Every structure is written in C-alpha cells, then in structure tokens.
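> Structure of the sequence below:
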Amino acid sequence: MTKMLTLVSLALVLGACGSATPQVTPTTTTTPTPTLGPQDPITITQPVNGAVVQRTFIARGLAEVFEGTVIIRIHDARGDLVLEGFTTAASGVERSPWEIELTVPGGVTGTITLSAVEESSEDGSDAFVTSVTVTLA
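Model prediction:
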C-alpha cells in the first residue's frame, strides 16, 4: 500500500514538473500490507488513553531504553507535576515489559496525564516521552 502511494506521489510530482504524464492504474487489494516503522522506545499499554482509574492504579508498557529505566510522571489538569518516579523494564537491550503501581496524591482530582519518559544517557534531558490522559474515579 505504501509503495503504491509512493508511486502515485512520484507520478504526481513528475506530472507537476512537466517531465512526465502520470499514468495511474487503479488496483484493488483485498488485504492491505501494513508498513511497520521503527517502534517507539516506550509504550504505555495500561491504562489506555481516556480510561477512568482509581487513585491507586497499575501502569504497564513496553520499553527498550538505556539501562531499562523508565521515568514515570503524573501531571494534574493544570499541568503541574504531582508525582514522579521510575521503574525498570525487564531488559535494557531488547523490548521488554515494565510495570509500576502508582498512587496519585490526595487533593488531585479530575483529569491527569501519565507520561513514560526515556531520559538521555548523555545529559539527562527527555529523549522520548509518551503520554496518556486519564480521569480519576
């Protein structure tokens, strides 16, 4: 499917440049072939975006990050950091599961954002961040 879109795009670009007349023959594919890109270094598999969670809940995912360290942050609806911690994926050299039990501090209500972060091994800055937004029950 991606190859077809690339060829169609190339034909349209060439046609716009006047160097060729695009000839597009429509084809029917019963089973599209997905093109898999590189995997994100961290994913959050639980909770899912939009879920309702209790004040104490389990967060899970997959990671392939330096030394397996996954930084976890929770921000409240105003964007204020209310909780930060870390967990370790089962392996730092291949994609493997991580899990952490989190308790959101009292006084925090409504929508929160859970982020899983890979920090740079060079300077400690955020190298990759993935987030889900959930609502406290």
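
> When you work out contacts or count neighbours from here on, use the C-alpha atoms and nothing else.
Fine.

> Tell me where the chain is predicted with low confidence.
1-38 (pLDDT under 70).

> Break it down into its structural domains.
The chain breaks down into these domains under automatic domain parsing: 1-31, 42-136.

> Now the longest strand seen in the chain: buried residues?
Scanning the chain for the longest strand, with DSSP state E as the assignment, gives strand 126-136. Within strand 126-136, the residues that count as buried by 16 or more other CA atoms under 10 Å are 129, 131-136.

> show me where the protein has helices.
Per DSSP state H, the chain carries helices over the ranges 2-17.

> Tell me which of the domains of the chain sits most buried.
Of all these, domain 42-136 has the most neighbours on average by mean count of other CA atoms under 10 Å, namely a mean of 17.

> what's the first-to-last distance across that one?
Start-to-end span of domain 42-136 (CA to CA, to the nearest Å) is 23 Å.

> cool, and stretch 117-130?
End-to-end span of stretch 117-130 (CA to CA): 7 Å.

> Begin at 892, not 1, for the rest of this chat.
Shifting the count to begin at 892 puts that one at stretch 1008-1021.

> any residues touching that stretch, and which ones?
Counting contacts by CA atoms under 8 Å, 6 or more residues apart in numbering, the residues outside stretch 1008-1021 that touch it are 932-935, 956-957, 960-964, 1006-1007.
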